[in-house]
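S.K.: Quick check, what structure comes out for this input:
(one chain, ligands or ions: 2)
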Amino acid sequence: MNPIKEPTIWRTACYCGAASLSCSAAPRGFMHCHCGQCRRLSGGAFSSWLSLPGEAVQIQGQAALREFAPTANGRRFFCGHCGSHLYTLDARMPEIVGVPAGAVLGPEVGGPAVDQWPSASGHYFCSDGASWVALPGDGMPRRGGADGMSLIPD
Ligand SMILES: [Zn+2]
Ligand SMILES: [Zn+2]
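M.R.: Residues are numbered from 1 along each chain as shown. Ligands and ions are numbered 1, 2, ... in the order given. Here you go, the predicted model:
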């Protein structure tokens, strides 16, 4: 008898565990962002983002979260204890919850196996990227320019 296949839950948690997020539906997108805001907020050369459908997202530990609004459209939510970035909202895409991919928990807690991840759509805001690291040579589209979205020819 085959075990019942449970639906994959996309689940993230802050480092200290005070706040977490779960989503019962598949991501709508996956991308890598090299913009200055993502670099400062993550401390890394770029941030990888999943776009989750908001109607399937649940937040646990909301009281632990602090909010920072870097732009008129953007709202970023962090754990007030450990500083982990839990999610981002953008008024221009109200149906989407942006989630840092580095916080996604794995199959051992019902999360996605590696082959369930969507393919990333590319690298964005490459023109604003860190000068001290080479862009990954992964063959994905590179985008940049003033809007961060224009295709950069090879
Ligand atoms: Zn925390
Ligand atoms: Zn960014």
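
S.K.: so how far is the lowest-mean-pLDDT helix or strand in the chain from its chain's centroid?
M.R.: For the chain, counting by mean pLDDT, DSSP states H and E, helix 36-42 ranks last in confidence among helices and strands (a mean of 92). Distance of helix 36-42 from the chain centroid (C-alpha atoms, centre = their mean, to the nearest Å) equals 12 Å.

S.K.: after that helix comes which helix or strand?
M.R.: Using DSSP states H and E, the helix or strand that directly follows helix 36-42 along the chain is strand 47-53.

S.K.: List the buried residues in that following strand.
M.R.: Residues of strand 47-53 classed as buried by neighbour count (16 or more other C-beta atoms under 10 Å): 47, 48, 49, 50, 51, 52. To be clear about C-beta, it is placed using only N, CA and C from the backbone, and glycine gets the same treatment.

S.K.: closest to ligand 2 among these?
M.R.: residue 47 (5.9 Å; C-beta to the ion).

S.K.: and the closest one, bridged to which residues?
M.R.: residue 33 (DSSP bridges).

S.K.: Now for it: which residues touch it?
M.R.: 32, 33, 38, 39, 41, 100, 102 (C-beta atoms under 8 Å, 6 or more residues apart in numbering).

S.K.: List the contacts of the third one.
M.R.: By C-beta under 8 Å, 6+ apart, the contact set of residue 38 is 46, 47, 125.

S.K.: try 6 Å
M.R.: With contacts defined as C-beta atoms under 6 Å, 6 or more residues apart in numbering, residue 38 is in contact with residue 47.

S.K.: How about stretch 56-69 and ligand 1, touching?
M.R.: No - counting by C-beta under 5 Å from the ion, ligand 1 is not contacted by stretch 56-69; separation bottoms out at 6.3 Å.
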